[in-house]
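Enquirer: just the structure for this:
(one chain, ligands or ions: 1)
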Amino acid sequence: MVRKLSEEERETFLSRYPEWKMVEGRDAVSRTFKFSDFNEAWGFMSRVALAAEKADHHPEWFNVYNKVEVTLTTHDADGLSERDVALAGNIEEAAK
Ligand SMILES: C[C@H](O)[C@H](O)[C@H]1CNC2=NC(N)=NC(=O)C2=N1
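Expert: Numbers count the residues shown, from 1 in each chain. Modelled structure (predicted):
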């Protein structure tokens, strides 16, 4: 099992990454990214995929053309954990 984030850790995350929002009815966060076209979206997803494999922590995501909706949660913790914070950081880098 992995430890869930404390209230304080959640608040820190949400204020540091204001574009990430809590998902209704789940202990998860999500953000939608929009790129100029599919090629840019796919490049982003490829970079995230490499980071996810390296960390053995994977996003839930949904892609339509230039749009990628990403949801992060930790199944092993049944909620948000440090792994989601770390992956969100990598995702923000990959979107730059
Ligand atoms: C067995 C394997 O390490 C686990 O299933 C990992 C893989 N990727 C994962 N990804 C996410 N998002 N949550 C997990 O709990 C998780 N667990």
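
Enquirer: specify the beta-bridge partners of the nearest residue to residue 81 once chain neighbours are set aside.
Expert: Residue nearest to residue 81 in three dimensions, not counting chain neighbours: residue 74, with 4.1 Å by C-beta to C-beta, 6 or more residues apart in numbering. Where you see a C-beta, it was placed from the backbone N, CA and C, and this is true even at glycine. Assessed by DSSP bridges, residue 74 has beta-bridge partners residue 79.

Enquirer: pull the longest helix from the protein.
Expert: helix 38-55 (DSSP state H).

Enquirer: which helices and strands does the helix or strand following that one pack with?
Expert: Following helix 38-55 in sequence order, the next helix or strand is strand 60-64 (DSSP states H and E). Applying 3 or more C-beta pairs under 8 Å, 6 or more residues apart in numbering; DSSP states H and E, one finds that strand 60-64 makes contact with helix 38-55, strand 67-72.

Enquirer: list the buried residues in the shortest one.
Expert: Which is strand 67-72. By neighbour count with 16 or more other C-beta atoms under 10 Å, strand 67-72 contains the buried residues 68, 70-72.

Enquirer: equivalent analysis for the first one, please.
Expert: When neighbours are counted by 16+ other C-beta under 10 Å, the buried residues of helix 38-55 are found to be 41, 44-45, 47-48, 51-52.

Enquirer: can you put the residues you listed in JSON lines and add distance to residue 32 and pLDDT?
Expert: Output for these, formatted as JSON lines (distance: C-beta to C-beta, whole Å; pLDDT from 0 to 100):
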{"residue": "41", "distance to residue 32": "11", "pLDDT": "98"}
{"residue": "44", "distance to residue 32": "12", "pLDDT": "98"}
{"residue": "45", "distance to residue 32": "13", "pLDDT": "98"}
{"residue": "47", "distance to residue 32": "17", "pLDDT": "98"}
{"residue": "48", "distance to residue 32": "14", "pLDDT": "98"}
{"residue": "51", "distance to residue 32": "19", "pLDDT": "98"}
{"residue": "52", "distance to residue 32": "18", "pLDDT": "98"}
